[in-house]
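Visitor: Show me the folded form of this:
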Amino acid sequence: MPVILPVKGISPGFGKNIYIAPNATVVGDVVMGDDCSVWFNTVVRGDVNSIRIGNKVNIQDGAIIHCTYQKAKTVIGNNVSIGHHAIVHGCTVQDNVLIGMGSIIMDGADIGSNSIIAAGAVVLENTKVEQGAIYAGIPARKIKDIPKELIHGEIERIANNYIQYADWFRGQ
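Guide: The predicted model follows:
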């Protein structure tokens, strides 16, 4: 059974067609849209500030979504995939974004739409990631613009696949 808890009287809110893995944790001021999934060993912790998650977002195994007390909330747009063991902290992630495995997005960062953060990248505080670009490295820097086929082929494909994967588990 997932851990879903209120904090200071505020409980998480969920849209339709949600899957939360049995050992995932979602607490506090978290609002999640439709067709989202929160996978194994993931923590979405809205205890010190708010977390807003759009539609068709998958938060993969071991990822951490958090924020900073009285400073930085976390906002995640629609059609976003957050890779295994990524940390998304006190930042904004626009629509149609792929956050790679093991990457770290720090407070105040703004990840533009149609972008990819490469696996293992570290996006420093207050970094503005351009729309339609791939950022990689430590600290993350723009590598190149994303070809349109990657936006539709990779970003949308992964988000759609996770809706299918969630269906496999939801029926059990």
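Visitor: Sketch out the low-pLDDT regions of this structure for me.
Guide: For the chain, applying pLDDT under 70 flags the ranges 172.
Visitor: Sheet-wise, list the partners of the strand ranked longest in it with their directions.
Guide: Criterion DSSP state E: the longest strand present in the chain is strand 43-53. Using DSSP bridges, the strands paired with strand 43-53 in its sheet are strand 25-32 (parallel), strand 64-66 (parallel), strand 74-76 (parallel).
Visitor: who's in contact with that strand?
Guide: Residues from elsewhere that reach strand 43-53 (Cβ atoms under 8 Å, 6 or more residues apart in numbering): 7-8, 10, 12, 24-33, 36, 38, 59, 63-76, 90. Using the backbone N, CA and C atoms, a C-beta is placed for each residue, glycine as well.
Visitor: Filter the residues you listed down to the buried ones, PyMOL style.
Guide: To isolate the buried subset of these in PyMOL, counting by 16 or more other Cβ atoms under 10 Å, use the following:
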select buried, resi 12+24+25+26+27+28+29+30+32+33+36+38+59+63+64+65+66+67+68+72+73+74+75+76+90
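Visitor: Need the contact partners of the longest helix anywhere in the chain.
Guide: As assigned by DSSP state H, the longest helix anywhere in the chain is helix 157-170. The contact list for helix 157-170, computed with Cβ under 8 Å, 6+ apart, reads 17, 19, 21, 35, 37, 56-58, 60, 79-81, 98.
Visitor: would TSV of these with secondary structure be doable?
Guide: Converted to TSV, these look like this (DSSP: H, G, I helix; E, B strand; the rest coil):
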residue	secondary structure
Asn17	coil
Tyr19	strand
Ala21	coil
Asp35	coil
Ser37	strand
Lys56	coil
Val57	strand
Asn58	strand
Gln60	coil
Asn79	coil
Val80	strand
Ser81	strand
Leu98	strand
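Visitor: Please compute how far stretch 103-123 lies from its chain's middle.
Guide: Relative to its parent chain, stretch 103-123 has a centroid offset of 10 Å by Cα atoms, centre = their mean, to the nearest Å.
Visitor: which of the residues in that stretch are buried?
Guide: In terms of neighbour count (16+ other Cβ under 10 Å), stretch 103-123 has its buried residues at 103-123.
Visitor: and those, which of them are in strands?
Guide: Reading strands off the buried residues of stretch 103-123 with DSSP E, I get 104-105, 110-111, 116-117, 122-123.
Visitor: Please look at Asn114 and Val93 and confirm they touch.
Guide: No - in this structure Asn114 lies outside contact range of Val93 using Cβ atoms under 8 Å: 11.7 Å.
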